[in-house]
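> Here is a sequence with its predicted model. Questions after.
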Amino acid sequence: MNIEVRGLTKTFGPVSAVTDLSFEVAPGAVTGFLGPNGAGKTTTMRMMLGLVAPSSGTATFGGKRYADLPKPSATVGAVLDSAGFHPAHTARDHLRVYARMGRYGAARATRIADLTGVSAFGDRKTRTLSTGMRQRLNLATALLGDPQVLLLDEPSNGLDPEGIAWLRQFVRVLAAEGRAILVSSHVLGEVEHMADHVVVIRDGRLVTTGPIAGLYGTATVLIRSPQADLFAARLMENRIRVEHPQPDHLRIYGLSTAEVATAAASHSVTLHGITPEHPTLEQAFLHLTGGSR
Ligand SMILES: Nc1ncnc2c1ncn2[C@@H]1O[C@H](COP(=O)(O)OP(=O)(O)OP(=O)(O)O)[C@@H](O)[C@H]1O
């Protein structure tokens with residue numbers, strides 16, 4: 001089931017939380033929803049779920065708004081900031097209550113508890129659960145109806161490294177089964193090994209969207225040479241872009257290391273060093289989002 005967000009906008013008094021935001025989330029893949037704190041991720045997800053009324057724009061699931069879906073919780077599962085738990089209930093009670101409300105049956109609750117690791121703390125009262133356990137219980141609750149769409153707001157929050165590795169693998173499997181999954185984070189590293197696509201926002205506006213590999217900046221080659229000026233002149237004659245970061249260094253765009261070495265030889269330029277440069281995904285992300293975290 002395809003998710004379509006079209007022109008979503010939300011203002012809270014003088015605050016523009018989200019402005020004319022459009023993107024799509026495809027089924028069978030994980031889409032990372034990235035942006036620094038306050039960028040508008042939570043507000044967008046709340047609008048998608050009809051929890052906040054948009055100032056304008058729409059969000060649809062297979063062409064229908066959340067409120068118009070025949071059985072919303074069986075179509076869209078969501079984990080937003082910690083939902084309320086009844087403090088006297090155990091984790092297992094909580095799942096059973098929600099299973100009963102959705103008419104999914106007790107067997108389904110047990111199966112989901114096993115799948116999500118909730119069984120390991122099923123007998124503990126919800127008030128005694130750690131943040132990571134609450135995250136798992138929220139995820140389990142969202143999965144009761146076997147939804148085709150999952151919206152997860154910062155699901156790694158409070159998970160230990162083992163929990164994060166588990167979540168990554170679990171979410172990938174859920175996507176591989178054909179679900180459309182949107183996972184928000186303000187830290188790229190959290191979704192880097194989970195997401196196939198990304199939607200990056202800043203100040204409530206779209207910065208970029210596409211395959212995660214497309215976030216990587218252009219690879220360049222850095223050379224050191226006593227004839228850097230001469231080499232730069234020759235390369236520029238051939239319309240190759242160069243930068244002079246230091247007097248005897250050149251950064252060359254659009255050529256592989258082998259092509260740079262061949263060009264140097266053909267112009268009789270002596271090289272003292274040649275280094276391929278690949279910007280990291282994190283650098284590209286920080287650049288896109290204005291360096292804030
Ligand atoms: N109910 C509200 N009333 C007023 N302003 C709000 C409200 N909800 C959100 N905002 C503002 O809207 C902007 C976007 O907030 P939002 O929580 O959507 O960002 P976010 O990307 O989810 O951030 P974080 O990563 O910190 O959760 C912020 O400036 C926030 O202060």
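All right, it came through fine.

> how about the closest residue to residue 56 other than its chain neighbours, what does it touch?
Leaving out its chain neighbours, the residue that sits closest to residue 56 by C-beta to C-beta, 6 or more residues apart in numbering is residue 9, at 4.6 Å. For the C-beta atoms, the positions are set from N, CA and C on the backbone; glycine is no exception. Taking C-beta atoms under 8 Å, 6 or more residues apart in numbering, we find residue 9 in contact with 16, 18, 19, 20, 21, 54, 55, 56, 57.

> and this protein, which residues reach the ligand?
Selection of the chain residues close to the ligand by C-beta under 6 Å from any ligand atom yields 12, 15, 17, 35, 37, 38, 39, 40, 41, 42, 43, 186.

> Which ones among those residues map onto helices?
Of these, the ones assigned to helices by DSSP state H are 41, 42, 43.

> Highest neighbour count among the residues you listed?
residue 41 (24 neighbours; other C-beta atoms under 10 Å).

> list the contacts for the spatially closest residue to that one that is not a sequence neighbour?
Distances taken as C-beta to C-beta, 6+ apart place residue 184 nearest to residue 41, at 4.2 Å, with adjacent residues excluded. Going by C-beta under 8 Å, 6+ apart, residue 184 touches 32, 33, 34, 35, 41, 42, 45, 152, 153, 154.

> thinking again about what came up before, state the three-state secondary structure for the residue nearest to residue 56.
strand (DSSP: H, G, I helix; E, B strand; the rest coil).

> before we move on, what about residue 81?
Assigned by three-state DSSP, the conformation of residue 81 is coil.

> related to what we said a few turns ago, how about the residues of the chain next to the ligand in JSON lines, adding pLDDT?
Listed next are the residues of the chain next to the ligand as JSON lines, based on pLDDT from 0 to 100:
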{"residue": "12", "pLDDT": "95"}
{"residue": "15", "pLDDT": "93"}
{"residue": "17", "pLDDT": "96"}
{"residue": "35", "pLDDT": "91"}
{"residue": "37", "pLDDT": "88"}
{"residue": "38", "pLDDT": "90"}
{"residue": "39", "pLDDT": "92"}
{"residue": "40", "pLDDT": "95"}
{"residue": "41", "pLDDT": "95"}
{"residue": "42", "pLDDT": "94"}
{"residue": "43", "pLDDT": "96"}
{"residue": "186", "pLDDT": "87"}
